[in-house]
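>>> Only the shape, not the letters, is given here:
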Ligand SMILES: Cc1cc2nc3c(=O)[nH]c(=O)nc-3n(C[C@H](O)[C@H](O)[C@H](O)COP(=O)(O)OP(=O)(O)OC[C@H]3O[C@@H](n4cnc5c(N)ncnc54)[C@H](O)[C@@H]3O)c2cc1C
Ligand code: FES
């Protein structure tokens, strides 16, 4: 486990249903809030018994003082349990874990954020840091491309706009914005834009990230993506989350979840369900 990750029983400050199956969980956790980087994640034990056995990983969505926020979607047994947690309850959490996005030291000009579905969660923290950094000479908010199946799945648009970001939306069914995948919207933007992005940060479904990686590679644009994997230990001990990269196998939980896109050997993950 990372030497700077802390294991705590952390009090829940608030827990709200954002819409549909989406929830925002706010934890009072100063030890993690002080140290976490955008793209890192926390590993949460969602119950006190044995079912489900494994902790569940969630990207850090926002940090506000000593508070760490998580935005999540209920998709199965663990997130269903988590959705029953109430303010005042305590959760067994480990974090911050993994390696986050390598944010630029200089200007944030020309940065494009591409989010697909729940992949938006850690990218809000990324935008928050990009516009807040004291080191930055000019505060240029990144361009944000948000994708979802339909308009109901478009999350966090208001948060990005509050940071001063320009936001464009893509939906698979065309119910809002560009009709199609957000990676196609990125392609359209790259073709139309006179300014070459300095960096693309992406998070979302695997196939979308693979398409974003190809679009960036074709134009030699640096790109970092945050990958998801089924995790058992969550801190580098079990090798259960390994992916193939140009430098050999790497653990998503330890060397990732953020990787430089050209380093990844893109292949379809084996779908499955964990205990
Ligand atoms: C580094 C990292 C950061 C993440 N950040 C977030 C986040 O900010 N918000 C959020 O909602 N989710 C996030 N996830 C995914 C989240 O961990 C899973 O949705 C959660 O563990 C599902 O648990 P469950 O018990 O409800 O689902 P299960 O009952 O275990 O599974 C339900 C379905 O979800 C799929 N699934 C479960 N876990 C994963 C996974 N890790 N990767 C891909 N598919 C999975 C299963 O294949 C199955 O189809 C993240 C995952 C990783 C690895
Ligand atoms: S989940 Fe165990 S090594 Fe990554």
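Looks like it came in fine. Everything quoted here is computed from the prediction, not taken from an experiment. Numbers count the residues shown, from 1 in each chain. Ligands and ions are numbered 1, 2, ... in the order given.
>>> Can you give me the neighbour number for whichever residue of the stretch 51-200 of the chain sits closest to ligand 2?
In the stretch 51-200 of the chain, the residue that lies nearest ligand 2 is residue 57 (8.3 Å; CB to the nearest ligand atom). Placement of C-beta: from N, CA and C, glycine included. Around residue 57 there are 22 other residues, counting by other CB atoms under 10 Å.
>>> And for residue 81?
By other CB under 10 Å, 17 other residues sit near residue 81.
>>> can you check residue 179 too?
Applying other CB under 10 Å, we find 13 residues neighbouring residue 179.
>>> quick one on the thing from earlier: show the average pLDDT along the one helix or strand the residue of the stretch 51-200 of the chain closest to ligand 2 maps to.
Secondary structure from DSSP states H and E places residue 57 in strand 56-59. For strand 56-59, the mean pLDDT works out to 96.
>>> Same question for stretch 125-142.
Rounded mean pLDDT across stretch 125-142 is 76.
>>> before we move on, the earlier item: which ones are touching the residue of the stretch 51-200 of the chain closest to ligand 2?
41-44, 97, 231, 234, 253 (CB atoms under 8 Å, 6 or more residues apart in numbering).
>>> Which two among these are spaced furthest apart?
44 and 253 (13.6 Å; CB to CB).
>>> Between the two, which is the more surrounded one?
Higher neighbour count among residue 44 and residue 253: residue 253, with 28 against 24, using other CB under 10 Å.
>>> pretty sure the more buried one is in contact with residue 241, am I right?
Yes. Taking contacts as CB atoms under 8 Å, residue 253 lies within contact range of residue 241: 5.1 Å.
>>> The closest residue in space to residue 79 that isn't next to it in sequence and residue 181: what is the separation?
Spatial nearest neighbour of residue 79, chain neighbours left out: residue 72 (5.8 Å); criterion: CB to CB, 6 or more residues apart in numbering. Distance, residue 72 to residue 181, by CB to CB, to the nearest Å: 23 Å.
>>> about what we covered before: tell me, what's touching residue 253 and residue 241 both at once?
Shared contacts of residue 253 and residue 241 (CB under 8 Å, 6+ apart): 229, 231.
>>> Next up, identify which helix or strand the residue at minimal distance from the centre of the chain is on.
Residue closest to the average C-alpha location in the chain (CA atoms, centre = their mean): residue 122, at 3.1 Å. Using DSSP H and E, the element containing residue 122 is helix 120-132.
>>> which helices and strands sit right next to that helix?
With contacts defined as 3 or more CB pairs under 8 Å, 6 or more residues apart in numbering; DSSP states H and E, helix 120-132 has these neighbours: strand 56-59, strand 62-64, strand 67-73, strand 111-116, strand 143-148, helix 157-162, strand 199-203.
>>> Please convert those to TSV, extending it with distance to residue 266.
Shown next, in TSV, are these (distance: least, CB to CB, whole Å):
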stretch	distance to residue 266
strand 56-59	21
strand 62-64	30
strand 67-73	24
strand 111-116	15
strand 143-148	18
helix 157-162	27
strand 199-203	13
